[in-house]
Every structure is written in C-alpha cells, then in structure tokens.
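A.B. asks: Could you look at this predicted model? Sequence included:
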Amino acid sequence: MPKDLDVQRRLAISRVPIHKQDPEVRKANWDEVFLGFDLESAMVEASRCIQCPTAPCQQACPVGNDIPGAFALLEKGDVFGAAEKFRETSNLPELCGRLCPQERLCEGECVVAFAIRPNMHQEPPVSIGKLEAFVTDYQREHFGIPLPVLPAPTGHRVAVVGAGPAGLAVAEELAKLGHECTMYDAWPEPGGILLYGIPNFKLSKKVLTDKLTYLEKLGVKFVGNTWVGKDVTVDNLFEMGFDAVFVGTGAGLGGRLAIPGEDLRNIFAATEYLVRGNLRPDQLPEHMRDPLPKAKNVVVIGGGDTSMDCVRTAVRLGAEKVVCVYRRTEAEMLGRQEEREHARQEGVDFQFLTIPLRFVGDDDGNVAGVECQRMMLGEPDESGRRRPIPIPHSDFVIPADTVAIAIGYNADPMIKEAAPGVQTNRWNLVEVDRETHMTTRPGVFAGGDNVNGADLVVTALADGRRAAAAIHEYLETLPPKRR
C-alpha cells in the first residue's frame, strides 16, 4: 500500500477506549484505576501510530524510547519484541508507562493528535504510556523479565546510595557490565519514591517487587535502614572497599508552610501521610508504624501530583470530606490533569485561589480546622505563572481533623556531612558534570532529584543511565581487580 494511503488508513482508526474502575467501586479498594488493554485492543491501538520518520514522540522521551519501533512489532502481535524494544532504552518501562506525564512528553508530541482528517474529526494521540505498560506487563507476567548473559565479574565494587529510580538504573546497568553493586537506602525496603511515595492505586507494588527480584538475580544487593550521613559516610564506603559511589538520594524533604499551628497533632508531611496510609507497618521505620488517625475531614494543601495522591488516599481511608486547597487556579497546577479528574470523580472538593493562614487547634492540641484566605491572580512571577494576591476580608475556616502538606520537596542538607568534597548549591542540590554526572569529588557520581530538584521518575532514570555509563568508563581506568 502506498505510504500516503497507509497513513490515511491509520488516521481513520479511532482511539481504543481505556477502561477504568468505576469511581464508586475504586474508592473502596487500593487496586490500580486503569484496567488495561487486552492483546487484540492493544494491537489495534498500536496500529494508530503512523510511523512518522521524524518520531517526535521518541525525541520527547527523556530516555529516547523507540516508540514507533515498538508499536510496529506490537501491531503484528509481537508483544515480546515490543517489550524488548522499550527495555533497550528504559530500565523501568512498566513503571514509566504508568507514572510519566505522557501528555507533556511523548503523547504531547504525537502527530496523530494534530493530523487533519478528511472529516475534520480530531482524535487523541496514541495511548503510548498505556501500551508501554501493557507490553512490558504482558512479557513480565507470561515470560518474566529476560535475564541477560552476564560477563565475567570485573572485581570492581560500586556503592549506590538511594534505591530510587536513578539508583536502580545505575545498579542494573553496572551489574550487566560485571560490576558488583550494593544499594543503601534509609527506608527499610528498596524502591525509594516508587514504594514510599506512589500509592497502590497508581502502581501495583507487584510491578516493583518483580523488578527488585530481577535485580537480585543480577547480583545486586540491598541494604536498608542505612542513612548515609547518619549511619555511614561516603568516606566509610570507600574504606569498605568500594571503587566508586553513586549518590541518588532524591529530594525527599517535604516543604513547610511556616504558619501558626503547624505543630498541632495530625498535621503530616505528604510522604509520611502517604506511607502510613499505603504500606504495611513492617515496611516502615518504627516511628511511623502507628496507623493514621481515623479522620472525617481531611484537608490537603498543594496542587501537584503528590497532593492528588494524598486526597485520593484520604478517600480510600474513609474520610467523609476531603478538600484540596491550592493558591492558584487549576490552569496553573503543575500536576497531571488525569489525576485531578480521578480525584473529582472520587468526590474530592477543590478550593482554588485559596491560601492557608493558620491552623486552628482544639483544647487537646489536635488540628480542628484550617483558616484560609481567598486570592486573586496578579502579574506572572519568575515561574511564569500569575502570582496569587490576597483578597482583604475574605478569611474563612475549613474544618479539618487531619491535614497533609504537599507543597514541594527539597534535597537533604545532610549530603554535606555524608560526602565531604562533594559540592552542593544553596538548595543543597549536588553539583555534577552534566555529561558524566561526576561530582567535584573523584569517584563520586550523582543524579536524579538530588541534582535536578524534585522532578519526574523518567528524568531520574535518564540520569542513572548516563551516570552508569560514566561510572563504567571511570572503573576501566582503575587497576584491574580479582574477585
């Protein structure tokens, strides 16, 4: 078939519906919202890709996934080949397919959404993320994640500090090259934000545990409950015989509002609220193992994806009223529209153009409400978003017996004590060579959110892959070792 006729045939295919749990059903469980494709519907959706030679979707992907190549295989029924195509460039395709904001990455550049059709009817982009998750899930569930043939051990040992997306990518890539990797993490179990930040209704924990099992088969070792900076330093790691260290500690310190009443009981940082609401007690540090208090009125402050995770967790924990307070309008929100839609469907109330002034307590020192003020938008600030301006005499109180604060994350300042000789900036972010991810201390590399600030899983993953290649080159300059 001539190319132009084939393109028109593909453009005539309507998007395959993406089925979800009904909101009233999913409010009562912790299962993933999306029910996924079957093989036949996935093949049809993949055939909507017009295989454009410039592949803007691939260019928009931080790890450069060959999306047209994967879909060319999938539309023929080669699910295994499609999954392997994604695994060529991504260490966590099952997770990225679920968690990436595809609407502003690959799907945001999909030509199918912009194409002019004879009937002028526009169609959404190809469901790239859902198909990426489908093919890699299908492979993992039917065949397992294929293990590579490993080379002879090099004898070199690498310590990976932080078992989140960047660190997991580093460990996998180096293990496949024959280097011994040990991952240290402050949490009891590995996974970082993937376990201790993403709720079950967005990411089934089995997807992560299957990946961790795969890494163990590659020889990667995990050491939990070890806070580098408190329990061990980078100097200690070199003294233990490691030849290089990768620091991927993320940006896990939640921001504070610094308003009166913030120290009242039952006011939580977003991460603590999420992990205590989503995980088993044995997966948590001892000081977080008590269950969250039963709440009727929950207020979540913030407008990103983490705040959506918090409000939707509150719904599943049985709150009668859940309110999200955000100081700008929805148009300025940085999180995914899909997540806000899910929250609305689940009954969450959004209070836009609203800022908290203070927390109101009861006689026992528990939070009882959030005193707020209405705002209006002024001129844009340095972020390009219009600055909120208070409206005089517009104060009001939202009842709250539990509050979660989700207003951003910062890097841990302890890195200065943990890694002497590693330069950080005024935001405690590690300074690196952007090509090699080497820090100012030879043999110490870094990547992910502790370099970039709070960002996406896929950008941390991309950092980890680049850093792993540079660490391998660095290790090759060292004298060979025997195991």
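C.D. replies: Received it, and whenever you're ready, just let me know what you need. Note that the structure is predicted; figures quoted are calculated from it, not measured. Numbering: from 1, shown residues only.

A.B. asks: Let me see the contact set for residue 447.
C.D. replies: 166, 170, 246, 248, 432, 437, 460, 463-464, 466-467 (Cβ atoms under 8 Å, 6 or more residues apart in numbering). Backbone N, C-alpha and C define where each C-beta goes, glycine included.

A.B. asks: can I get those residues in CSV with neighbour count?
C.D. replies: Below are those laid out as CSV (neighbours: other Cβ atoms under 10 Å):
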residue, neighbour count
166, 36
170, 34
246, 30
248, 32
432, 24
437, 28
460, 30
463, 29
464, 32
466, 21
467, 30
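
A.B. asks: I'd like those residues written out as CSV, with secondary structure and distance to residue 195 added.
C.D. replies: As requested, those are exported to CSV (DSSP: H, G, I helix; E, B strand; the rest coil; distance: Cβ to Cβ, whole Å):
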residue, secondary structure, distance to residue 195
166, helix, 15
170, helix, 17
246, strand, 19
248, coil, 15
432, coil, 25
437, coil, 24
460, helix, 14
463, helix, 19
464, helix, 17
466, helix, 24
467, helix, 21
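
A.B. asks: any idea how the chain splits into domains?
C.D. replies: Domain assignment of the chain by automatic domain parsing yields the ranges 3-142, 157-252+410-476, 256-405.

A.B. asks: And the last one, end to end?
C.D. replies: Just to be clear, that refers to domain 256-405. Counting by Cα to Cα, to the nearest Å, the length from the leading to the trailing residue of domain 256-405 is 7 Å.

A.B. asks: Quick check: the gap between residue 26 and residue 220.
C.D. replies: Using Cβ to Cβ, to the nearest Å, we find residue 26 at a distance of 34 Å from residue 220.

A.B. asks: likewise residue 106?
C.D. replies: When residue 106 is compared with residue 220 (using Cβ to Cβ), they lie 29 Å apart.

A.B. asks: Show me which of those two is the more surrounded one.
C.D. replies: Looking at residue 106 and residue 220 with other Cβ atoms under 10 Å, you find the greater number of neighbours at residue 106, namely 27 against 23.

A.B. asks: Okay, that one and residue 335: tell me how far apart.
C.D. replies: Counting by Cβ to Cβ, the gap from residue 106 to residue 335 is 18 Å.

A.B. asks: so residue 464 makes contact with residue 248?
C.D. replies: Yes: with contact defined as Cβ atoms under 8 Å, residue 464 and residue 248 form a contacting pair (6.7 Å).

A.B. asks: Which helix or which strand is home to residue 379?
C.D. replies: Taking DSSP states H and E as the criterion, the element that holds residue 379 is strand 367-380.

A.B. asks: What is the neighbour count of residue 160?
C.D. replies: As a burial measure, residue 160 scores 35 neighbours (other Cβ under 10 Å).

A.B. asks: from here on, count from 39
C.D. replies: Sounds good: first residue 39 from here, last item residue 198.

A.B. asks: I figured it hits residue 222, correct?
C.D. replies: Yes: assessed by Cβ under 8 Å, residue 198 is found in contact with residue 222 at 7.1 Å.

A.B. asks: Helices of the stretch 389-521 of the chain, residue ranges please.
C.D. replies: Remark: helices of the stretch 389-521 of the chain, listed N- to C-terminal, are 453-456, 487-490, 495-514; assignment by DSSP state H, counting those that start in this stretch.

A.B. asks: hang on, the earlier thing: what's the strand holding residue 417 in contact with?
C.D. replies: Identification of contacts with strand 405-418 by Cβ under 8 Å, 6+ apart yields 299, 302-305, 337, 339, 363, 365-367, 370, 389, 391-400, 424-429, 432-441.

A.B. asks: Direction included, what does that strand pair up with?
C.D. replies: With DSSP bridges as the test, strand 405-418 is paired with strand 392-399 (antiparallel), strand 424-437 (antiparallel).
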